[in-house]
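>>> The sequence and its predicted three-dimensional model are supplied below.
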Amino acid sequence: MPAVAGSLYMASQHKGVPPPLPPPPRPLPVINLGRLTMDSASRALAVRDIVLACRERGCFEVVNHGISRSCMNGALEAASEFFQLSTERKEEFASDDIRQPIRYDTSSRDGISMSRSFLKHYANPLDDWIKFWPTQPPTYREKMGEYAVETQRVSMQLMKAILQGLGLGPSYLQEKLEGGVQFVALNNYPQSSAKKADKIGLAPHSDYGFLTILLQSSPGLEVMHHEDDAWTSVPAIPGALHVHVGDHLEVLSNGQLKSLVHRAVLNPNESRISIASIHGLSMDEEVHCAEELVDEHHPKMYRGSSFQDFLDFLPANMNRYKRYVESLRIDKP
Ligand SMILES: O=C(O)CCC(=O)C(=O)O
Ligand SMILES: [Fe+2]
C-alpha cells in the first residue's frame with residue numbers, strides 16, 4: 001500500500017539507511033515451441049504462455065522451434081561474409097529508395113541507424129525475391145534462403161497460436177499470412193570503442209509487421225517492456241530465437257497486444273550481427289482491428305493501414321514517432 005510503503009521509506013531515510021533497491025529484472029519468458037504440435041492440452045498451455053508473454057512483456061524467446069543450429073549459423077555466416085566484402089561490392093545494393101527490393105546502407109538516413117550497416121531485402125515467397133539477393137558470398141542465397149523459409153514457417157506457427165489465443169481461431173487470416181511479406185534485415189554493428197561515448201547502434205523503435213523473429217550473434221538487443229522505463233538486455237541464448245510484437249499486431253488485436261520498443265547497443269567485446277525477420281500481410285493489404293475484438297467497451301482504437309502505407313509514411317516522418325502505430329491511433333491528439 002503506497003501510504004505504508006511511503007512512511008517506511010521516510011523512516012529508513014531518517015536513519016540514514018539507503019532506500020530499498022529496485023526489484024531485479026524479471027527473466028524473459030522462454031517458450032518451448034515443440035508443445036504446439038503435441039497433444040491438445042500441451043498446445044493449449046503453449047498458446048496461453050505465448051499470448052501472456054505478448055500481452056505482458058511484448059516479447060519472448062523460443063526454443064525447440066525446429067530450425068537447426070547449422071541453419072542458424074549458416075545464415076549468420078552468410079551475413080558476416082557479405083559485410084566483409086569490399087565497400088564497392090556492397091554498394092552495388094546501395095539506394096536511398098526504401099521501395100527497392102534490396103538495399104544496403106551504412107548511414108543514419110533512416111533516422112535510427114546510429115552505428116550500423118545493413119542489408120535489407122524481401123524473402124516470401126522466396127522464388128519472387130531471391131533473384132535480387134547477392135551472389136557473393138557464393139553460399140549467400142542458399143544459406144539465407146534456407147533460414148528465411150524456416151523463419152517464415154515458425155512465424156506461421158506463432159501467428160496461428162496468437163490468433164487462437166486472442167479468440168480469433170488458428171485459421172484466421174491464414175492464406176493472407178502465408179502469402180504475406182517477409183522482410184529480412186541483416187544488421188552489422190562494430191565493437192564499441194572506449195573512445196566513443198555513444199554506445200547505441202540502433203535507436204529505439206518498434207517494428208511494423210505482426211511479428212519480428214530475431215537471431216543475434218552476441219548480446220546487444222535491449223527491450224523496454226510496457227510497464228518499465230528501463231532497458232532489459234536480451235541474452236543470446238544458444239539455439240534460441242527472440243520474438244517480439246510489431247505495430248500491426250497491436251492494430252489487429254485492437255490494443256490488447258502492444259508493439260515492443262527495442263534498440264541495439266554496441267557489444268564491448270566483438271562486432272555483432274543480427275538478422276531480423278519481419279512478418280506481415282502483403283504489401284497492399286490493409287490491417288484493421290479485428291471486428292471480433294471491438295465492442296462497446298472496447299472501441300476501435302486504430303485506423304487501417306498497409307505495409308505500403310508505412311513505407312510511404314516513413315521518409316517524411318523520421319523520428320516523429322518511436323512507434324509508427326501511434327500515428328494510427330484514432331484518438332491521437
Ligand atoms: O540488432 C538488433 O538486435 C535489433 C535489430 C532491429 O531492431 C531491426 O532490424 O529492426
Ligand atoms: Fe527493430
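Now that the structure is in, tell me what you want to look at. Ligands and ions are numbered 1, 2, ... in the order given.

>>> Could you give the bridge partners of whichever residue of the stretch 51-200 of the chain sits closest to ligand 1?
Distances between the stretch 51-200 of the chain and ligand 1 by C-beta to the nearest ligand atom are smallest at Ala185, namely 4.0 Å. Just so you know, the C-beta spots here come from the backbone N, C-alpha and C atoms, and that holds for glycine as well. Per DSSP bridges, the residues bridged to Ala185 are Lys120, Ala276.

>>> Could you tell me how many residues sit around it?
19 (other C-beta atoms under 10 Å).

>>> Quick check: pLDDT value at it.
Confidence at Ala185, expressed as pLDDT, is 97.

>>> and Asp331, how many residues sit next to it?
With other C-beta under 10 Å as criterion, Asp331 counts 8.

>>> Could you pick out the residues of the stretch 151-300 of the chain near ligand 1 for me?
185, 187, 202, 207, 214, 216, 220-221, 262, 264, 274, 276 (C-beta under 6 Å from any ligand atom).

>>> do you know how far Leu281 is from ligand 1?
18 Å (C-beta to the nearest ligand atom, to the nearest Å).

>>> the helices in the stretch 51-200 of the chain, which residues?
69-83, 87-91, 126-129, 140-165, 174-178 (DSSP state H, counting those that start in this stretch).

>>> Just want the angle from the fourth one to helix 69-83.
Helix 140-165 and helix 69-83 are oriented at 120 degrees to each other (axes from the mean of the first three to the mean of the last three C-alpha atoms, to 10 degrees).

>>> quick one: the strands in the stretch 201-333 of the chain?
Per DSSP state E, counting those that start in this stretch, the stretch 201-333 of the chain carries strands over the ranges 211-216, 221-224, 232-233, 241-245, 261-265, 272-279.

>>> What lies in contact with stretch 55-69?
26, 28-34, 50, 53-54, 147, 150-151, 153-154, 157-158, 223, 225-226, 234, 237-245, 256-260, 262 (C-beta atoms under 8 Å, 6 or more residues apart in numbering).

>>> Between the two ends of it, what distance do you get?
29 Å (C-alpha to C-alpha, to the nearest Å).

>>> List the buried residues in that stretch.
55-62, 65, 67 (16 or more other C-beta atoms under 10 Å).

>>> Among these, which ones are in strands?
The strands, defined by DSSP state E, take in 59-62 from those.

>>> related to what we said a few turns ago, could you dump the helices of the stretch 51-200 of the chain into CSV with mean pLDDT added?
What follows is these, written out as CSV (pLDDT from 0 to 100):
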stretch, mean pLDDT
helix 69-83, 98
helix 87-91, 96
helix 126-129, 97
helix 140-165, 97
helix 174-178, 94
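
>>> any idea which of those is most buried?
Among these, ranked by average contacts under mean count of other C-beta atoms under 10 Å, first place goes to helix 140-165 (a mean of 21).

>>> what helices or strands is that one leaning on?
helix 40-56, helix 69-83, helix 126-129, helix 174-178, strand 182-189, strand 211-216, strand 241-245, strand 272-279 (3 or more C-beta pairs under 8 Å, 6 or more residues apart in numbering; DSSP states H and E).
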